[in-house]
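Novice: generate coordinates for the sequence data below:
(one chain, ligands or ions: 1)
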Amino acid sequence: MAAGAASRTRVKICGITRSEDALAAVAAGADAIGFVFYAPSPRAVTAAQAAAIMAVLPPFVTTVGLFVNAAVAEVDAVLAQAPLDLLQFHGDEPEADCARHGRPWIKALRVQPGQDVAALMAAWPGASGILLDAWHPELPGGTGLRFDWGQVPGQGARPIILAGGLTPENVAEAIRQTRPYAVDVSGGVEAAKGIKSADRIQAFMTGVHAA
Ligand SMILES: O=C(O)c1ccccc1NCC(=O)[C@H](O)[C@H](O)COP(=O)(O)O
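Specialist: Numbering: from 1, shown residues only. The predicted structure follows:
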């Protein structure tokens, strides 16, 4: 476990497009919610849509914005409307660009079989955390696919966020096997793409607590 033995696994519910889904995630105990600013995604939102959802959140909920190879100016334009707490970069953005927005950021790595994940993580010293996700030839994220959890490095200083194909049914085993700092889920708690299920969010949190 990356954090102290007494610490719990934190949870991000990603791909939020509706206020009711954000509030359901918070009510279930999620620590963070994610907004996708990548137009080809069925979960994409505009900065205005994200800002409207952020406006109804209670305190102490981390808001995360996801980008895929967006220009620095594009990210800053989103932040001008929706002052997100944390940024998550899923593309090939250079570290220097990730660090230019005056807030913490996490780097998403898409893990392929046989890769040395610890070595990949070392290339991002400025990231406040590393999100490990499944690899897909076309999709940069939100694939619903999992990768080999055996590739997740053991205890270390860097907070690892486990993502990719997590569901209420497998999240307890995923946590037991990898002991991540946090888990991240999108498709596994949906009724349809971009539409979260409050019941599946609650079931996911139950699985997290059972780990
Ligand atoms: O969710 C998307 O549609 C998406 C599109 C493009 C880049 C990133 C995207 N999601 C990022 C996430 O952090 C997802 O939660 C993560 O990839 C896991 O998704 P899932 O396998 O559906 O739980």
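
Novice: output the lowest mean pLDDT helix or strand found in the protein.
Specialist: For the chain, counting by mean pLDDT, DSSP states H and E, helix 117-122 ranks last in confidence among helices and strands (a mean of 95).

Novice: quick one: contacts of that helix?
Specialist: Leu109, Val111, Ile130, Leu132, Gln151, Val152, Pro153, Gly156, Arg158, Ile160 (C-beta atoms under 8 Å, 6 or more residues apart in numbering). Backbone N, C-alpha and C define where each C-beta goes, glycine included.

Novice: from the residues you listed, which would you call buried?
Specialist: Buried residues within the contacts of helix 117-122, counting neighbours by 16 or more other C-beta atoms under 10 Å: Leu109, Val111, Ile130, Leu132, Gln151, Val152, Pro153, Arg158, Ile160.

Novice: next to the ligand, which bits of this structure? Give me the list.
Specialist: Neighbours of the ligand within the chain, by C-beta under 6 Å from any ligand atom: 14-15, 34, 36, 38, 41, 43, 66, 68, 90, 133, 140-144, 163-166, 184-188.

Novice: in strands only, show me those residues.
Specialist: Cross-referencing the residues of the chain next to the ligand against strands under DSSP state E gives Gly34, Val36, Leu66, Asp133, Asp184, Val185.

Novice: and the second one, what pLDDT?
Specialist: Pointing back at Val36 there. On pLDDT, Val36 comes in at 98.

Novice: quickly list what it is bridged to.
Specialist: Ala44, Leu66 (DSSP bridges).

Novice: that one contacts Gly15, correct?
Specialist: Yes: Val36 lies in contact with Gly15 (C-beta atoms under 8 Å); the separation is 5.5 Å.

Novice: what touches both of these two?
Specialist: Overlap of the contact sets of Val36 and Gly15 (by C-beta under 8 Å, 6+ apart) consists of Arg43, Gly142.
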